[in-house]
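Q: coords please:
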Amino acid sequence: MRRQRFAKIIATLGPATADAKMIRALFMAGVDVFRLNFSHGSHDDHRKSFETIRTMEAELGRPIGILVDLQGPKLRIGKFSQGHALLEEGDPFRLDLDPSPGDRRRVCLPHPQVFAALAPKAHLLINDGRIRLEVERSGSDFAETRVLTKGEISDHKGVNLPGAFLPLSPLTDKDRDDLDLGLDLGADWIGASFIQHPQDLLVLREAIGDRAGLITKFEKPTAVDRLEEIIDLSDAIMVARGDLGVELPPEDVPSISRRIVRASRDAGKPVIVATQMLESMIAAPIPTRAEASDVAGAIYDGADAVMLSGETATGDYPIEAATMMHRIISRVERDPYYRKMIDISPATPESTTADAISDAMRRIVDTLKVSVAVTYTKSGSSSLRAARERPAAPILSLTPHRRTARRLTLAWGTHSVLSKEVESVEEMVSQACDMALSDGFAKIGDRIVIMAGMPFGISGTTNLMRIARVKAPDNPA
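A: Next comes the predicted model:
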């Protein structure tokens, strides 16, 4: 079940891909990590998906990652007496705490924190920015605005405040219930929504502990202002371009996305580029050329993973979307220009033994044309350091811990295999050669490079590198 590519694919499950047959088909099409979006679906739905994925994992003998994506605080307007209203440019429109149904003159906004953050000339965006309002006057329980962009407004549409900081916890009561379920089921990654500043991550870290990896979703411009601090407190990063694009000018999103990808790579944190990647494939069997170029751009930038959302959750062509994502990634990675792009912008190693060895590994791969880089890891840190270097050879990650193997399904170029602990250098080399041979990463006579830590069995001690030539399994390497 070895993938013939480096970047990974995440697919969101939903009504279109809820049964075991579809989930298996997605995995066979190239999906490495399954996303369960807790903004939708019941706990029973998500529990069933967990069980299906874990059953499939046991049958196929390959670790599969599961990402639980929390909804976070969502700001939404109330209901309208007719279900909708038409707003014209220049019309006055009032937002308040009155729960009665709205009309073309007013509607309820049941979030007093929003009113506290408003000032004259501030903008409110409704329905992903389709409706734009400018505040003229506000108080603790109301805002009188002027319509800048006309359009239809309807029940429970989302509200955004570009550039404003809102005193909201990143965990709602619903999120805490969802998080408890996800952790109890054994989620590998937790996606954190509505992160505005580094302190939000401390709340989440306390709730999650070490039971899962923490993925910070960059959705708010205020988070971009604290980019390095937030990356430092995260285990992985997601560039949620659709949400960023609501509060930022469209022309700013590409450069900010690339900045986030680059900073995450430098920090050695897996980074996902997400939202609207193959959006047209929700209703069409092939993507637009612009979408194919968009996916390719994320791969050329060095993203660890790209993500499918509505394409696989609710679309008419989920398997085709995953297959197309796989084909685009594979094609880019065969392009000599891709390797050149990766090589001219390597991550800068820190002044540590582990980083020095990882940097040397990349150079050895290039110089000796080794078939595979083998890492021994307990926590996953050695494999993540190797992945940060973006070597020209795949990374075979050997670990005794299933939880570590599952988390590493998100990391660039990493193929995780469960293995037993080794007790000597000879055993380490022999096992690495056997695994490289059996999993199709090397042939007899090929060179491999091995990274490990001594004494064996202790996390965070990467201090050993060995070059070996693969021999038949019954001979020492």
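Q: domain assignment for this protein?
A: Annotated domains of the chain cover 8-72+171-335, 84-160, 353-469 [automatic domain parsing].
Q: out of those, flag the one nearest R2.
A: Nearest to R2, of all the domains of the chain, is domain 353-469, at 5.3 Å by C-beta to C-beta. The C-beta positions use only the backbone N, C-alpha and C, and glycine is treated the same way.
Q: can you give me how far the closest one is from the chain middle?
A: Averaged C-alpha coordinates place domain 353-469 at 23 Å from its chain's average position (C-alpha atoms, centre = their mean, to the nearest Å).
Q: would you point out the helix or strand in this structure whose mean pLDDT is lowest?
A: helix 241-247 (a mean of 87; mean pLDDT, DSSP states H and E).
Q: and the helix or strand that comes right after that helix, what does it pack onto?
A: Using DSSP states H and E, the helix or strand that follows helix 241-247 in sequence is helix 253-267. The contact analysis (3 or more C-beta pairs under 8 Å, 6 or more residues apart in numbering; DSSP states H and E) places helix 253-267 against helix 221-224, helix 227-232, strand 236-240, helix 241-247, strand 271-274.
Q: any idea which of these has the lowest pLDDT on average?
A: Ranked on mean pLDDT, the bottom entry among the helices and strands packed on helix 253-267 is helix 241-247, at a mean of 87.
Q: what are the contacting residues of that one?
A: 125, 128-129, 160-163, 217-221, 224, 253, 256-257, 273-276 (C-beta atoms under 8 Å, 6 or more residues apart in numbering).
Q: show the buried residues in the residues you listed.
A: 125, 129, 160-162, 217-221, 224, 253, 256-257, 273-275 (16 or more other C-beta atoms under 10 Å).
Q: kindly check the end-to-end length of stretch 132-152 for me.
A: 11 Å (C-alpha to C-alpha, to the nearest Å).
Q: got a list of contacts for that stretch?
A: 84-97, 109, 112, 114-116, 118-127, 130-131.
Q: distance between the least confident helix or strand of the chain and the chain's centre?
A: 15 Å.
Q: and it, what's buried?
A: Using 16+ other C-beta under 10 Å as the test for burial, helix 241-247 gives 241-247.
Q: which of these lies closest to V372?
A: R241 (33.2 Å).
Q: from T12, how far off is the closest one?
A: 15 Å (C-beta to C-beta, to the nearest Å).
Q: equivalent analysis for Y337, please.
A: Going from Y337 to T12 by C-beta to C-beta gives 30 Å.
Q: who has more neighbours out of these two?
A: With neighbours defined as other C-beta atoms under 10 Å, Y337 and T12 compare such that T12 has more, 25 against 9.
Q: what packs against the helix or strand hosting that one?
A: Here T12, judged by DSSP H and E, is contained in strand 8-13. On a contact count with 3+ C-beta pairs under 8 Å, 6+ apart, strand 8-13 meets strand 33-37, strand 305-308, helix 310-313, helix 318-333.
Q: what residues does the second one touch?
A: If I follow you right, that is strand 305-308. 7-12, 32-33, 35, 238, 270-275, 277-278, 295, 298-299, 318, 321-322, 325, 329, 410, 412.
Q: could you pull up the mean pLDDT of it?
A: pLDDT averaged over strand 305-308 gives 98.
Q: same question for the last one.
A: Helix 318-333 shows a mean pLDDT of 98.
Q: contacts for that helix next, please.
A: Contact with helix 318-333 is made by 4-7, 9, 11, 16-17, 22, 25-26, 29-31, 277-278, 281, 285-287, 292, 295-296, 299-300, 306, 308, 311-312, 315, 338, as judged by C-beta under 8 Å, 6+ apart.
Q: of these, buried ones?
A: The neighbour-count test (16+ other C-beta under 10 Å) marks 5-7, 9, 11, 16-17, 22, 25-26, 29-31, 277-278, 281, 287, 292, 295-296, 299-300, 306, 308, 311-312, 315, 338 as buried among the contacts of helix 318-333.
Q: ok, the closest residue to G14 other than its chain neighbours - contacts?
A: Counting by C-beta to C-beta, 6 or more residues apart in numbering, G14 lies nearest to A313, which is 2.8 Å off, once chain neighbours are set aside. A313 makes contacts with 12-17, 37, 40, as judged by C-beta under 8 Å, 6+ apart.
Q: V68 too?
A: Residues counted as contacts of V68 (C-beta under 8 Å, 6+ apart) are 36, 38, 46, 178-179, 182, 187, 189-191, 212.
Q: starting at the chain centroid, how far to whatever helix or strand it lives in?
A: When elements are assigned from DSSP H and E, V68 belongs to strand 65-69. Strand 65-69 sits 9 Å away from the centroid of its parent chain (C-alpha atoms, centre = their mean).
Q: ok, now stretch 306-314?
A: With C-alpha atoms, centre = their mean as the basis, stretch 306-314 stands 12 Å off its chain's centre.
Q: now L201, nearest residue through space, not along the chain?
A: Ranked by C-beta to C-beta, 6+ apart and with sequence neighbours excluded, the top spatial neighbour of L201 is L233, at 4.3 Å.
Q: wait, doesn't that neighbour sit right on E206?
A: No: in this structure, L233 is not within contact of E206 by C-beta atoms under 8 Å, at 11.8 Å.
Q: got the contact list for R406?
A: So R406 contacts 63-66, 188, 416 (C-beta under 8 Å, 6+ apart).
Q: next one: the closest residue to T52 other than its chain neighbours relative to R402, how far apart?
A: Setting aside the residues directly before and after it, T52 is nearest to A20 in space (C-beta to C-beta, 6+ apart), at 4.7 Å. Counting by C-beta to C-beta, the gap from A20 to R402 is 21 Å.
Q: and F38, by the same measure?
A: For F38, the distance to R402 (C-beta to C-beta) stands at 23 Å.
Q: again, but for L125
A: The gap separating L125 from R402 is 44 Å, by C-beta to C-beta.
Q: wouldn't D316 be in contact with A16 here?
A: Yes: counting by C-beta under 8 Å, D316 does reach A16; the two are 7.4 Å apart.
Q: E389 is in contact with A347, correct?
A: Yes: counting by C-beta under 8 Å, E389 is a contact partner of A347 at 6.5 Å.
Q: which one's more surrounded, those two?
A: Set A347 next to E389 and count neighbours by other C-beta under 10 Å: E389 wins out with 25 against 20.
Q: that one and D343 touch, don't they?
A: No: in this structure E389 lies outside contact range of D343 using C-beta under 8 Å: 10.5 Å.
Q: what helices or strands is the lengthiest helix in the chain leaning on?
A: The single longest helix within the chain, with elements called by DSSP state H, is helix 43-60. Here helix 43-60 is seen to pack against helix 20-29, strand 33-37, strand 65-69, helix 173-185 when contacts are counted using 3+ C-beta pairs under 8 Å, 6+ apart.
Q: quick check: the gap between the residue lying closest to M22 once chain neighbours are set aside and F34.
A: Nearest-residue entry for M22: P318, 6.8 Å, with adjacent residues in sequence omitted and distances by C-beta to C-beta, 6+ apart. Between P318 and F34 the distance is 12 Å, computed by C-beta to C-beta.
Q: what do you get for P254?
A: Distance from P254 to F34, by C-beta to C-beta: 28 Å.
Q: look at the two and report which has more neighbours.
A: F34 (25 against 14).
Q: check what pLDDT the more buried one gets.
A: 98.
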